[in-house]
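Visitor: Mind folding the following:
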Amino acid sequence: MSPRTRPHTRGRRPATRRAPARRGSRGPGRRRQRADDRLIGRLVAGVLAVALLVAVVDWLLDHWWVLVVIGVIGVLAGGGLLYRRRQRTRWEAVRAQGLRYGLPYLDALHHSRFEEAVRDLMRRDGCPDAVRVGGGGDLGADVKATDPYGRRWVIQCKHRRSGLAGSAVGTPDLQILNGTARQVHGADVAVIVTNGRVTAPAVAFARQQRLHVVDRHTLGVWASGARPLWELLRAVPPPRRPTALS
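Guide: Down below sits the predicted model:
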């Protein structure tokens with residue numbers, strides 16, 4: 001090869017390959033730095049909390065009378081709360097024993113208050129678990145209760161603002177109760193209570209289906225406190241369990 005055709009290599013460095021850069025080499029370092037920062041932040045917060053606690057304790061030791069005042073206030077508040085609870089319990093017991101309603105009072109109630117009055121009458125007669133469940137989607141049950149004999153009561157309330165002058169309770173109302181009281185609510189005693197009138201066909205239907213009707217007259221006797229409801233109704237199922245009352 002002649003000097004003219006020989007490739008010129010003077011002054012050139014041999015080509016070298018660069019090592020590929022490592023990806024993610026900074027990732028672990030950053031994560032480690034963040035973890036260290038969080039740890040330091042927690043340590044600082046812990047130290048500040050301890051310092052604050054020590055300062056508060058020192059201040060209370062110097063002002064011990066503050067602890068005495070706080071203790072006295074706490075004892076008085078707790079004693080007052082306990083006293084009010086006991087008084088409320090006693091008052092509720094006295095109220096339940098002497099609960100009486102007159103028909104004019106029941107007539108003037110809102111229908112929801114009427115349901116609450118029926119619930120309270122059941123509680124008065126020895127059903128502490130009596131509860132009002134009336135409202136949208138109640139499926140024909142406004143009050144549920146268990147009497148001292150273990151029987152489950154499901155009561156549907158029909159309040160009439162005008163009393164006897166209001167619309168009468170008819171067979172359709174009894175049909176709703178008959179369709180849900182036992183199958184849905186597990187009733188032993190299914191009752192419909194009204195301060196108004198009940199039609200003769202509805203009364204006949206109730207007898208056929210073993211339902212119980214509390215009309216205005218029966219409601220007046222019951223609400224006056226003469227006897228519990230199960231003593232005023234006919235053909236009430238026998239007790240589920242023996243009790244001192246049975």
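
Visitor: residues contacting the closest residue to D147 other than its chain neighbours?
Guide: In this structure, D147 finds its nearest non-sequential neighbour in C127, 5.4 Å apart by C-beta to C-beta, 6 or more residues apart in numbering. For glycine as for every other residue, the C-beta is placed from the backbone atoms N, C-alpha and C. Going by C-beta atoms under 8 Å, 6 or more residues apart in numbering, C127 touches 145-148, 153.

Visitor: tell me which element C127 is part of?
Guide: Assigned by DSSP states H and E, C127 falls within no helix or strand.

Visitor: quick one: it from A235, how far?
Guide: For C127, the distance to A235 (C-beta to C-beta, to the nearest Å) stands at 20 Å.

Visitor: what's the answer for V69, then?
Guide: Separation of V69 from A235 (C-beta to C-beta): 67 Å.

Visitor: Please apply the same query to T218.
Guide: 14 Å.

Visitor: These two: which has the busier surroundings?
Guide: Between T218 and A235, T218 has the larger neighbour count (other C-beta atoms under 10 Å), namely 17 against 8.

Visitor: Grab the nearest non-local neighbour of the more buried one.
Guide: Distances taken as C-beta to C-beta, 6+ apart place L232 nearest to T218, at 5.7 Å, with adjacent residues excluded.

Visitor: so that neighbour makes contact with S224?
Guide: No - with contact defined as C-beta atoms under 8 Å, L232 and S224 do not form a contacting pair (10.9 Å).

Visitor: tell me the contacts of G179?
Guide: Per C-beta under 8 Å, 6+ apart, neighbours of G179: G140.
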